[in-house]
Structure formats: C-alpha cells, structure tokens
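> would you be able to build a 3D model of this:
(chains A and B)
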Amino acid sequence: MTVQNPSAATEPGVVDGHEVVSHRKSRPALSEGKRAERRLGLWLCAPAFIVMIAVTGYPIVYSIWLSLQRYDLRFPAQHEFIGFANYAAVLTNSYWWTSFGITMFLTVVSVAIEFVLGMALALLLHRTLVGRGLVRTVALIPYGIVTVVAAFSWYFAWTPKTGYLANALGSGAAPLTDQWPSLFIIILAEVWKTTPFMALLLMAGLALVPEDLLKAASMDGASAWQRFTKVMLPVMKPAILVALLFRTLDAFRIFDNIYVLTSGAQDTGSVSMMTYDNLVKGLNLGIGSTMAVLIFITVAIIAFLFIKVFGTAAPGSDDGGKR
Amino acid sequence: MATATTGRKVTWGVLDLLVIAFALIPVLWILSLSFKTKDTLTDGSFWPQQWTLKNYADIFQTSEFLRALVNSIGIAIISTLIAVVFGTMAAYAIARLEFPGKRLLVGLSLLIAMFPQVSLVTPLFNIERGLGLFDTWPGLILPYITFALPLSIYTLSAFFREIPWELEKAAKMDGATPAQAFRKVIAPLAAPGVFTTAILVFILCWNDFLFAISLTSTTASRTVPAALSFFTGSSQFEDPTGQVSAAAVVITIPIIIFVLFFQRRIVAGLTSGAVKG
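Model (predicted):
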C-alpha cells in the first residue's frame, strides 16, 4: 500500500475533471504551511510546465497561423494571408487522402495484430514456467532498439540478392517495389518493434487479475477460454484500452519505418511522411502547417473517441495505489 | 502428475523459444551483415561465410559517423539529465504536495504524450531558423526534453508514491538534520526510480528519427539514426549495406546493455508509468 504524507491526502485526481473533489474549496483559510507548500509545488512544476508549453503549445498556435498563409520558402515574395485556401487545397488533394487512407489502414491493421500478439506475449511473460527472466529480457530488445536500425534490418532482409527473406520468395522477387507487399513489410516492421511494449502494458493489467477469481472460475468448470474472456478480459479492460489508445496514436504517427523501407514510394506514404516531404523537399510552410494542424485534429478526435466512447480511463487518474 | 508438469514445461519452453527467435532474428541479421565482406554481402546467406571487421574500421574512419555518434551521445545524455531533473521536481510535487494546477500539469503531460510529433516539425523548423537553433544541439534537445517529460513525470510520480515518506520524519525524530534525512533515507529509496526513468528517457531520445532528420541539415547536430539514412558509402558505386549495418550495430550496443542489466527495472518503469500513471 502507498503510504501517504498527510498533507498529500488528495491524489492528483482525475484528468478530465469530472470527478473534481470539492472538499478542497471548503477548506478554511490557508495556513502559512499550506501556502508554503503551494508555492513550493508551483515552483517545482514550473520548469517542466514552461518547457512543455513553449515547445508544443506555442508552435501549434504558430502552426495554425502559418496554415492560413501562402508561405513557400522558395517564393518568399508571394507570402500573404489567404484564409482557408490551404485547407481547401489539402482536403481536395487526392495524394493527401491516399496517404491518410494508408495511415489509417496501417494503424488499424498493425494495432489489431499487435493486440493479439501482445496479449499472447503478455500471457506468456506472465505465466511461463521456464526461463521467465530470459524471455522477458529478450522480448524487451525490440522495444529498446532504434526504429531506424530495425527498419534497415528489414529493408536489407527484403532486398533482392542481399536478403534472406527476399531470396526465400524466389529469385527476382522485389517485394519493396510493389504497394501491397511493401505495406505488409511495413506492418511486419511495426508489429515486431511495438508488440513487446503492448505486451508490457497488458501484463500490468494481467497482474491485477486476482488469482482466487481464476481458481474459483476453474472450480466452477469454466474452460481456459471462458476464464480468459469472462474473468481476465473484464478485469483488464482499463489496461487494454490504455494500451490500445497509446498504440493507436503512436501508430498513426508512423514515419521511421516507412522512410527507411520505401520512402513513401508506390503509395505507401503516411501523413507524417507527406508532411516531412512537404517541408524538406517542398519548403512549403503554409501547406506543411495545414497538414500539421489536420494531423493534430485527427489525433485529438481519435483520443476523444477512445476516452468518451470506449470510456478509457485517462492515464494519470488514480487507481487507489494498486500495483 | 510429473509427466503433465514436464509436458507443460516443454510447451512453455517451445513458446519461449518462438518469442526469443522472433525478437532476435532481425538483430542477428543486421549483426551478421555488419561482419560480411564486400564480396559475400549479396550472397543472401543468414550467417557470414567470410568474417571481416572492415565495415567497423571503415565507419570509425569517417568523420561523418564519428561526429554523428558524438552528437547522438551528447544530445541524448543532456536531454536525459534535464528531463529527469525537471521530471523529478514535478513528480515530487505531484506525489507529495498539494497545490493548484496539479491536475493541469498531469493533463498537459498526457496531451503531450499523445501529441503527433510531426505536427511540430513544420512550425519548429521555422521557429528554430528564426532563433538560430536550427541544426544545433539545443535545437534537438528542446523537443527531446519536451517529449521525455511526460514519460519522466508519470514514471517518477508512480515511483514516488511508493516511497514510505514517514521514514523521513522518523529519521528527523531520531535527530537527523533534514539534509541527512534526505541523503541517508530518501535519496537511496528514490534513486532506483530516478535511474529507471533515466534509462527510459535515454532510449526515447536515442531512438528519435523524425526531429533528427527534420531539424538538422549538416553533421553539426545530425544524430546517428538520421546520419544512417544519408550513408551512401565512400563512392556512389560502393554499396553502403555493410557500413550501415555496422553503424546500426554500434548504436544498438547501449540498448542491449540496458536491456540485459536492467530488464526488471525497465519493465517496472514502463508498466508503472504507462498504466498506473
């Protein structure tokens, strides 16, 4: 159990503000000690707060401002305010919708596969009778490894002649030059890299399933599958939703793997890839910022759906100090 | 019953091996490529038929790679230090103090953990050009700290909530000065959490590619992941595969060391930070 300092009796509370505890407001005038504590708390948080706001808050506002302008670094003379014309240009552009569709497809498919494999891996890591330490250690390697390194490993593996996997397909096979095989390889690379992370998040949920409950269900004649779906999944639901939320948002940002594997050729580019290309190759800040804002809005919508529709408990809300 | 247990052990053992193979094959493959000679690089065999260290010798002779390695190490360490110090301060306040705006900070951290980094690339590019931060160390360190802070605040506040703080009071009652109570009692209890967080944050910064490739333009601040994508070999006719692989192996070494020695802590840190908050 968590041992609390009396003065910290109220936990950080719930992020979305629905369960704001009201007893703080009814407290009598603050004592000198309380005021000192508040001052200290604010001072301690100030650096983190300022950095986070300065590096994300300001640029996103600036980005909205840039997105309303024609601003191409190659043609600085044409810099002017044009309202929502950039949005009209992006939203009627077929390349944007293609990469948006590709990003959605990659996100949904890779998160679905990761969830199934991650759950299996979590059960294995949680339950295995032999070599638990070893398998946990090894499973962490994909999590830790630099994405670009792993992407190069897959890239070389699927390169004709060089790669053992490309050669296994038969001579002349060049999977990275076709759209569907490329998408499959991108998903493979994503799944390999992030399944351990998914598994760890699910394993934390698994640890909350009471052993007694499983035993009781078993005594009542529940099969292994029934124990899994009727006992474990409901208890794990919050952990599952958090894992899915984090992974979905992360998968939506996919960039590194695509950059190395295909550079977005053959219609395999994600929205991140397109934004990057627009900036580096196009130097078009207006259009680039428009895409930035659109991606930001999409991510906000996904997070909103998860939290409001599926009832994902926002991470950071207190769960009573349980481990 | 003995046979049933043995049978189950074998089943688990086979599953373990599958996971281990799945996790290790891509790593072993890039390791194998890095030891292949130029002539055998395209033979498609999983293990090198002829071994060589030439790829490693080559990359360490290019200033391009050495400079990138220095950048990667320097930028990741500085970002980690700052993010962990700021994170420790904020997490201590969140775990132990009562003050207005606490929920705001937790909420903001959550938002940033979900923030699409690519949305920052275009505006930061222009802001950093204006401030003269483009293609400099601070130009990368700032976004790294920002995205490391939520991770470090969450992980550390979860750790701090587990510390039996009343020991501090007990030590003071026994006559310890506040400094002694901190040094002898609290610091040793908090150190593992801080250390774990530092590893996680380092991995995060070490891994970044998007900022590294968008906010740099020369070797002045380009980190290894970004430099890897520009490797072309010493001439355009030379296949860079061996050198890319060798460089990839070099930057994988610290990760392998962390994972091998601190597996337990990394697992504890990730699960406490991400799920418990």
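> can you show me the helices along chain B?
Assigned helices in chain B, in chain order: B:2-35, B:54-61, B:63-96, B:102-114, B:118-131, B:137-161, B:166-173, B:178-180, B:187-207, B:210-214, B:224-228, B:241-271 (criterion: DSSP state H).
> near chain A at all, the fifth one?
In other words, helix B:118-131. Yes: Helix B:118-131 reaches chain A (Cβ under 8 Å from any Cβ of the partner chain) through B:Val118, B:Ser119, B:Leu120, B:Val121, B:Thr122, B:Pro123, B:Leu124, B:Phe125, B:Asn126, B:Ile127. The way it works is simple: take the backbone N, C-alpha and C, and place the C-beta from them, glycine included.
> which of the residues you listed has the largest number of neighbours?
When the residues of helix B:118-131 next to chain A are compared by neighbour count (other Cβ atoms under 10 Å in any protein chain shown), B:Thr122 ends up highest, at 30 neighbours.
> ranking helices and strands of the chain by mean pLDDT, which lands last?
You didn't pick a chain, so chain A it is. In chain A, the helix or strand scored least confidently by mean pLDDT, DSSP states H and E is helix A:164-168, which has a mean of 80.
> chain B was what I was after
Per mean pLDDT, DSSP H and E, helix B:178-180 ranks last in chain B, at a mean of 81.
> can you list contacts of that one?
B:Ala171, B:Lys172 (Cβ atoms under 8 Å, 6 or more residues apart in numbering or on different chains).
> try 10 Å this time
B:Glu168, B:Ala171, B:Lys172, B:Asp174, B:Ile186 (Cβ atoms under 10 Å, 6 or more residues apart in numbering or on different chains).
> how about the nearest residue to the residue of the stretch 1-150 of chain B found nearest chain A, chain neighbours excluded?
Nearest residue of the stretch 1-150 of chain B to chain A, counting by Cβ to the nearest Cβ: B:Phe99, 3.0 Å away. Once flanking residues are discounted, B:Phe99 sits nearest to A:Gly41: 3.0 Å by Cβ to Cβ, 6 or more residues apart in numbering or on different chains.
> quick one: contacts for the one you found?
Residues counted as contacts of A:Gly41 (Cβ under 10 Å, 6+ apart) are A:8, B:89-90, B:92-94, B:96-102, B:105.
> burial of A:Ala88, as a residue count?
Counted with other Cβ under 10 Å, the neighbours of A:Ala88 add up to 12.
> whichever strand or helix holds it packs against which elements?
When elements are assigned from DSSP states H and E, A:Ala88 belongs to helix A:85-91. Contact here means 3 or more Cβ pairs under 10 Å, 6 or more residues apart in numbering or on different chains; DSSP states H and E; on that basis helix A:85-91 packs against helix A:58-67, strand A:69-70, helix A:94-127, helix A:285-304.
> just those: most buried one?
For the helices and strands packed on helix A:85-91, the largest average neighbour count (mean count of other Cβ atoms under 10 Å in any protein chain shown) is found in helix A:285-304, namely a mean of 22.
> which residues touch the residue most central in space within chain B?
Nearest to the mean C-alpha position of chain B, by Cα atoms, centre = their mean, lies B:Ile203 at 0.3 Å. Going by Cβ under 10 Å, 6+ apart, B:Ile203 touches A:140, A:143-146, B:76, B:80, B:148, B:151, B:254-255, B:258-259, B:266.
> over to A:Pro196?
Shown in contact with A:Pro196 (Cβ under 10 Å, 6+ apart): A:114, A:117-118, A:121-122, A:125, A:136, A:138-144, A:203, B:19, B:23, B:267, B:270.
> do the same with A:Thr56
So A:Thr56 contacts B:Leu108, B:Leu111, B:Ile112, B:Phe115, B:Gln117, B:Ser119, B:Leu120, B:Pro123, B:Leu124, B:Pro143, B:Thr146, B:Phe147 (Cβ under 10 Å, 6+ apart).
> and the pLDDT at it?
Model confidence at A:Thr56, given as pLDDT, is 88.
> now it: how far from B:Leu149?
10 Å (Cβ to Cβ, to the nearest Å).
> ok, B:Leu111 next?
Following Cβ to Cβ, the distance that separates B:Leu111 from B:Leu149 is 12 Å.
> for B:Gly242, same thing?
For B:Gly242, the distance to B:Leu149 (Cβ to Cβ) stands at 38 Å.
> before I go, just wanted to say thanks for your time.
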